[in-house]
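structural data only, the sequence is not supplied:
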């Protein structure tokens with residue numbers, strides 16, 4: 001068995017958001033391979049994060065970001081306890097999400113927030129221009145609708161500071177670290193000279 005020191009265990013705990021015992025066990029299972037243990041712990045942490053997804057979020061904070069005095073965003077990010085809401089990590093998360101809104105101009109938090117009228121109007125437009133095989137029409141149009149709204153839904157957008165993951169993945173990473181469910185309740189984006 002590889003020699004595993006406490007500093008390595010603490011480092012794994014910090015990066016993965018799991019407890020010390022879980023971190024130590026992961027290093028033992030990975031035979032001291034830190035990267036392998038980290039990957040295993042992230043998967044475990046994300047699995048736990050997904051289970052937390054249905055817990056209520058009544059605490060949190062409102063943060064904002066203004067870019068060059070021309071574009072601004074304000075966002076409400078919620079968590080389960082005021083303790084987590086006051087941590088630097090949570091404040092940083094909220095600020096990065098406000099930057100995302102300012103930069104990428106989403107219209108909706110999640111797919112569920114897209115109004116039925118907007119979906120119906122887009123579907124009508126797509127049906128009028130449809131040229132594919134009739135037996136695949138429903139499947140193709142479903143994919144086209146999803147694609148049409150993809151960049152307008154905050155959770156589906158590529159995360160601006162790491163485009164290998166979506167905003168939803170970035171939030172799940174933070175759920176794994178904090179041990180609490182985290183949700184985005186609402187946001188507003190303002191651009192100088194542009195009105196809705």
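Thanks, I have the structure now. Quantities reported herein were computed from a predicted structural model and do not represent experimental measurements. Residues are numbered from 1 along each chain as shown.

please name the residues that touch the residue most central in space within the chain.
A centroid search over the chain (CA atoms, centre = their mean) returns residue 168, at 2.3 Å, as the residue closest to the centre. Contacts for residue 168 (CB atoms under 8 Å, 6 or more residues apart in numbering) come out as 155-156. Every residue, glycine included, has its C-beta placed from N, CA and C.

okay, buried residues for the helix or strand hosting it please.
Using DSSP states H and E, residue 168 sits within helix 167-178. In terms of neighbour count (16 or more other CB atoms under 10 Å), helix 167-178 has its buried residues at 167-168, 170-178.

from the residues you listed, pick the one nearest residue 190.
Minimum distance to residue 190 across the buried residues of helix 167-178 is 19.7 Å, recorded for residue 167 (CB to CB).

nearest to residue 28, of the buried residues of helix 167-178?
For the buried residues of helix 167-178, the nearest to residue 28 is residue 176 (20.6 Å; CB to CB).

after the host helix or strand of residue 126, next one along is what?
Assigned by DSSP H and E, residue 126 belongs to helix 116-128. Per DSSP H and E, helix 116-128 leads on to helix 137-150 as the next helix or strand towards the C-terminus.

what's that following helix in contact with?
Under CB under 8 Å, 6+ apart, the answer for helix 137-150 is 108, 111, 114, 118-119, 122-123, 126-127, 130, 132, 156-157.

show me which of those residues is closest to residue 102.
When these are compared against residue 102 (criterion: CB to CB), the nearest one is residue 157, at 12.4 Å.

let me see the contact set for the closest one.
Contact analysis of residue 157 by CB under 8 Å, 6+ apart lists 100, 104, 106, 150-151, 166-167.

tell me how far it lies from residue 150.
8 Å (CB to CB, to the nearest Å).

let's have the buried residues of helix 167-178 in CSV, adding distance to residue 22 and pLDDT.
Listed next are the buried residues of helix 167-178 as CSV, based on distance: CB to CB, whole Å; pLDDT from 0 to 100:
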residue, distance to residue 22, pLDDT
167, 27, 95
168, 24, 93
170, 22, 94
171, 21, 93
172, 18, 90
173, 16, 89
174, 18, 90
175, 16, 87
176, 12, 82
177, 13, 84
178, 16, 83
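
residue 8: which of those is nearest?
For those, the minimum distance to residue 8 (CB to CB) is 18.3 Å, reached by residue 177.

number of nearby residues for residue 186?
The tally of other residues near residue 186 (other CB atoms under 10 Å) stands at 12.

now it: which helix or strand?
Assigned by DSSP H and E, residue 186 falls in strand 183-191.

what packs against that strand?
Helices and strands touching strand 183-191, by 3 or more CB pairs under 8 Å, 6 or more residues apart in numbering; DSSP states H and E, are strand 71-79, helix 88-104.

re the thing from before, run the chain-centre distance for the helix holding residue 168.
Its chain's C-alpha centre and that of helix 167-178 lie 6 Å apart, by CA atoms, centre = their mean, to the nearest Å.
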